[in-house]
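Asker: Sequence first, predicted model second:
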Amino acid sequence: MNVHFIAIGGAAMHNLALALHQKGMQVTGSDDTIFEPSKSRLNAAGLLPTSFGWFSEKITKNLDAVVLGMHAKEDNSELLRAQELGLKIYSYPEFLYEQSKHKTRVVIGGSHGKTTITAMILHVLNYHDIEVDYMVGAQLEGFDVMVKLTDEADFMVLEGDEYLSSPIDRRPKFHLYQPNIALLSGIAWDHINVFPTFENYLNQFKIFVDSITVGGSISYNTEDPHVKSIVENSENQIRKFPYQTPKHTIEEGVTYLDTEEGPLPLEVFGAHNLNNLAGSKWICQQMGVDQDDFYEAISSFSGASKRLEKVAENANCVVYKDFAHSPSKVKATTEAVKSQYPNRPLVACLELHSYSSLNATFLEHYKGTLDAADTAVVFYSPQAVEIKKLDSVSKIQIETAFEREDLTIFTDPIPFKNYINSLKFAQKTVLLMSSGSYGNLDFEALKNKVSDPN
């Protein structure tokens, strides 16, 4: 099969290109810019375009398929040429479905937690040497690629993103997978540039539940009222498996899961992660892993990349960074870290970076999200607001939204980085949350400072 990628450099797209290359397909691609690590990984596989840009001459009748990435525009010259030639054009999720339509598809959906739950499932399966195909949204420890496609695997585990499929296909990605086994972790309004009302956003999850194949199953978090309502009111002929946060204890910075065999120490922590664990257990059991084998494997799970990732630690201080940016995730992560280290002051720093978080009308959803922190800091770049073509956001609007009088706000990366680097780390817990780069904060220097406070 001869496949061409329009916008091959994206995190998801380049991983799919690598997976097809490893499967023995002929793969080519184009992009106008490619950043690391995509650039090096494509180059190592011999798939890096020789020149950046769009070249309609690359699109010929010899192509069996064209995969179109979200980075491309509707007037992309390669896309227009593919349409002119009548070639089969797939979105990323369409192509994944095409490669897995004869397998049992396991799809993990939700506004938050889906990457971690998918990672937990893959960790357990890998621990027990159970081979599956997969697509996950983060680089996982012990896995070389984020997408794996084979002819042999019976299962395909897919992280079900609700964002749009391609510039010419405005359906959410997870509507296209038609799962046999599904999970819904939680719903909190996101992607407001695409789903302008919460009701419209909710409807995407209703469609997802209705897209599960007849006779399939849905595992769902009953602690989320929107999830509970959507699943329990669905008339789709599927099995429904509710789950909730399991009982657990925290002792001296270690979380223990209550099991029939006694307390099980975990490397992850936080009520939201325990809730994720309960969901992943249901899915693994449906894939043939019994409860005892699940517990044996999950005890060594240390988390997905960028999800509550430990940056540095010494005897009396620990620093975490987390991909949290939506209000519900910021609140859950802040409360989790404070609960894990209740006797130390918590400094929680949030960078407002996503389209939703920088929207003036959406800010009110951040009310109370940093209340668990002893010191709360917010950083945002007015330039990022301009780039996203949003109305300007003022410090007063942020103070009002968070409803915290002692909130420290930075609008320039240099003072923000100086603040972080000048912190007295002794007897503190520091949490950095963002889907951005924290103003290009030097994490290696921060790690060295914490590891060697002298």
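Answerer: Sure thing, it's come through.

Asker: tell me which helix or strand of this protein sits lowest on mean pLDDT?
Answerer: Comparing every helix and strand of the chain by mean pLDDT, DSSP states H and E singles out helix 382-387 as the least confident one, with a mean of 71.

Asker: What is the subsequent helix or strand relative to it?
Answerer: For helix 382-387, the following helix or strand on the C-terminal side (DSSP states H and E) is helix 395-402.

Asker: Residues in contact with that following helix: which ones?
Answerer: Counting by CB atoms under 8 Å, 6 or more residues apart in numbering, the neighbours of helix 395-402 from elsewhere in the structure are 352, 360, 363-370, 376, 378, 380, 405, 407, 409, 411. Placement of C-beta: from N, CA and C, glycine included.

Asker: do stretch 58-78 as well
Answerer: Everything outside stretch 58-78 that qualifies as a contact, by CB under 8 Å, 6+ apart, is 1-10, 12-13, 16-17, 28, 30-31, 54-56, 79, 81-82, 85, 87-92, 95, 163-168.

Asker: Which of the helices or strands spans A332?
Answerer: helix 327-340.

Asker: Rounded mean pLDDT for that helix, please.
Answerer: Model confidence over helix 327-340 averages 93 on the pLDDT scale.

Asker: so of the contacts of helix 395-402, which ones are in strands?
Answerer: Judged by DSSP state E, the subset of the contacts of helix 395-402 located in strands is L352, A376, V378, Y380, I409.

Asker: got the contact list for A372?
Answerer: K331, T334, E335, V337, K338, L346, A348.

Asker: how close does the second one sit to L370?
Answerer: So that's T334. Separation of T334 from L370 (CB to CB, to the nearest Å) stands at 6 Å.

Asker: Give the intersection of the neighbour lists for the two.
Answerer: Common neighbours of T334 and L370, using CB under 8 Å, 6+ apart, are A348.

Asker: check contacts around the residue positioned nearest the centre of the chain.
Answerer: Here the mean C-alpha position of the chain is nearest to the C-alpha of T115 (CA atoms, centre = their mean), at a distance of 4.5 Å. Applying CB under 8 Å, 6+ apart to T115 gives the contacts V136, G137, A138, E159, A304, R307.

Asker: Widest-spaced pair of the residues you listed?
Answerer: The largest distance within the contacts of T115, taken as CB to CB, falls between E159 and R307 and amounts to 12.5 Å.

Asker: quick one: low-confidence parts of the chain?
Answerer: Filtered on pLDDT under 70, the chain yields the residue ranges 384-385, 387-388, 390, 453-454.

Asker: residue contacts, the spatially closest residue to P345 that is not a sequence neighbour?
Answerer: The spatially closest residue to P345, leaving aside those adjacent along the chain, is D374, at 4.1 Å (CB to CB, 6 or more residues apart in numbering). The neighbourhood of D374, defined by CB under 8 Å, 6+ apart, consists of P345, L346, V347.

Asker: same thing with D151?
Answerer: Neighbour list for D151: K23 [criterion: CB under 8 Å, 6+ apart].

Asker: Surely it forms part of a strand?
Answerer: No - remark: D151 does not belong to a strand; assigned using DSSP: H, G, I helix; E, B strand; the rest coil, it is coil.
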